[in-house]
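Participant: Structure for this input, please:
(one chain, ligands or ions: 1)
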Amino acid sequence: MMAETHDPNLETFVSIPENSDFPIQNLPYGIFSKSDADKAVGVRIGDHVLDLSKLYKDKHLDGIGIHDNVFDRAYLNDFMEMGKNYWQKTRLRISRLLRKGSAIEAEAKRYLYPISSLEVHLPVFVRDYTDFYSSEEHATNVGKMFRPNGDPLLPNWKHLPVGYHGRASSIIVSGTDIHRPKGQTKPKEDEPPVFGPSQRMDFELEMAFITGTASELGEAITTQEAENHIFGMVLFNDWSARDLQKWEYVPLGPFLGKNFASSISPWIVTLDALEPFRTASPKQDPEVLPYLKCNANHAFDINLQVYLQPEAGKENLICRSNFKHMYWNIAQQLAHHTVNGCNIGVGDMYGSGTISGKTEDSFGSMLELSWAGTKPLKLNDGSERKFLQDNDTVIMRGYAQKDGLRIGFGEVRTKLLPTK
Ligand code: CA
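Facilitator: Residues are numbered from 1 along each chain as shown. So this is what the prediction gives:
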């Protein structure tokens, strides 16, 4: 069934721009609204959005076993909660409806709207958010800077996917501006802390997965079962105020340096759409404990890019990385998260941790790119950055590409406004 929706030769009646992230093989889910209309579930194709709520009302989604219009909603949660079997049946039906000669081709305008005429919204109600720290290169770089006299990786790092519980309330969708946060920092070692706007504002290039089905308290999810719970993935910018973070994070970890905002891309790309791009993770040495072992590949080959755009300036490509670099994969992350019996919920979000590669141009944060401010980045307008300036816009893009098939995430774009 899955192979049918991946076929690179599928032909849709929708006009798809060249190099679009959203061909008929992708079909990511999101939430949109037309002016003066309620939010609804949509699927992105090319530069259009397919209205699933209207398709449901007109009975084009009959026979899947969905007996309530879960698409006439402000979030995807009710649809996700139905489970993987329904995600796959719905994907197959949508794929068939969008092909040349389908039942809706003649009345396509009734169901398809140009993206430029719509507003897109946060796709899920996020109940809980966890952030991992799973890139060996990122953890090593940060260790070298924050603990120059010790081993860059702490002793636990290669034995478990390190993570912390983040803040769900401040997860925002692409296009939402943020303000530079204020807080306590300690710029000078031998002087008391000061209060004011962060002077070391940074992004973190991450991806996040979203669980669509819940688990019971006390129940552990194995690496083999993990993907049955995972609905899909988005691009994730985990905003970080490095000076607040540095002063507050010992002994309990990130708090106000992280929880003021995290931005996501609006279209959730399903694991089914990413299937052709499954690949091996880096070799793990030392051997991991049995509950973290995998008998299949759970990494995905996804190209990632970060652009910095100054106010009234052009985009600067400042980082190229790849999701496949992650030392710990999504199945290991979810297995570890639940091995103690911690229950997961519908719409919970899990950040990967900053995705850095081995080369200097693949580092996924300003902290690493400017090596804690010691190597400023030169931008194409002649200016320099150690960290982000007011009115800078950070744009992250991601796509997988192979054998003529491109499955993309679009972008997550956020502008940093001055302190409120
Ligand atoms: Ca992070």
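Participant: Excluding sequence neighbours, find me the nearest residue to residue 345.
Facilitator: residue 127 (4.7 Å; CB to CB, 6 or more residues apart in numbering). All C-beta atoms are positioned from the backbone trio N, CA, C, and that covers glycine.
Participant: Any idea how many residues pack against the one you found?
Facilitator: 15 (other CB atoms under 10 Å).
Participant: and what of the one 4 residues further on?
Facilitator: Residue 131 has 26 neighbours, counted by other CB under 10 Å.
Participant: what do you get for the one 5 residues further on?
Facilitator: Other residues near residue 136 number 20, with proximity taken as other CB under 10 Å.
Participant: Got the confidence number for it?
Facilitator: Looking at residue 136, its pLDDT reads 96.
Participant: measure it to residue 180 for me?
Facilitator: Residue 136 sits 31 Å away from residue 180, going by CB to CB, to the nearest Å.
Participant: Closest residue of the stretch 151-300 of the chain to the ion?
Facilitator: Nearest residue of the stretch 151-300 of the chain to the ion: residue 238, at 3.7 Å (CB to the ion).
Participant: quick one: contacts for that residue?
Facilitator: 131, 166, 203, 204, 206, 258, 262, 351, 354 (CB atoms under 8 Å, 6 or more residues apart in numbering).
Participant: so where's the chain uncertain?
Facilitator: 1-2 (pLDDT under 70).
Participant: near the ion, which residues of it?
Facilitator: 131, 204, 238 (CB under 5 Å from the ion).
Participant: a markdown table please, covering those residues and showing secondary structure.
Facilitator: Output for the residues of the chain next to the ion, formatted as a markdown table (DSSP: H, G, I helix; E, B strand; the rest coil):
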| residue | secondary structure |
| --- | --- |
| 131 | strand |
| 204 | strand |
| 238 | coil |
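Participant: for these, which one is nearest residue 311?
Facilitator: Of all the residues of the chain next to the ion, residue 204 has the smallest distance to residue 311: 22.0 Å, by CB to CB.
Participant: List the contacts of that closest one.
Facilitator: Taking CB under 8 Å, 6+ apart, one finds 237, 238, 239, 240, 353, 354, 364, 365 in contact with residue 204.
Participant: rerun that using 10 Å as the cut-off
Facilitator: By CB atoms under 10 Å, 6 or more residues apart in numbering, the residues touching residue 204 are 131, 138, 236-240, 258, 262, 306, 351-356, 364-368, 396.
Participant: what pairs with it across the strands?
Facilitator: residue 365 (DSSP bridges).
Participant: domains for the protein, by residue range?
Facilitator: 2-121, 129-417 (automatic domain parsing).
Participant: Show me which of the ones you listed has the highest average neighbour count.
Facilitator: domain 129-417 (a mean of 19; mean count of other CB atoms under 10 Å).
Participant: nearest residue to residue 179 other than its sequence neighbours?
Facilitator: In space, residue 179 comes closest to residue 420 once its chain neighbours are excluded; the distance is 4.4 Å by CB to CB, 6+ apart.
Participant: give me the number of residues near that neighbour?
Facilitator: The number of residues near residue 420, taken as other CB under 10 Å, comes to 9.
Participant: What distance do you get for it to residue 194?
Facilitator: Counting by CB to CB - residue 420 and residue 194 are separated by 18 Å.
Participant: do the same with residue 239
Facilitator: Residue 239 is 21 Å from residue 194, by CB to CB.
Participant: Could you do residue 334 as well?
Facilitator: 40 Å.
Participant: again, but for residue 269
Facilitator: 43 Å.
Participant: so where do the helices sit in the stretch 251-400 of the chain?
Facilitator: Counting by DSSP state H, counting those that start in this stretch, one finds helices in the stretch 251-400 of the chain at the ranges 271-274, 330-338, 366-369.
Participant: wait, which of the ones you listed is closest to residue 28?
Facilitator: Closest of these to residue 28 is helix 271-274, at 6.8 Å (criterion: CB to CB).
Participant: OK, contacts around residue 205?
Facilitator: With CB under 10 Å, 6+ apart, residue 205 has these contacts: 135, 138, 235-238, 304-306, 318-321, 323, 352-356, 362-365, 368, 394, 396, 398, 412.
Participant: quick one, strands of the stretch 301-420 of the chain?
Facilitator: Along the stretch 301-420 of the chain, the segments classed as strands by DSSP state E, counting those that start in this stretch run 303-309, 316-322, 349-351, 377-378, 384-385, 393-402, 405-417.
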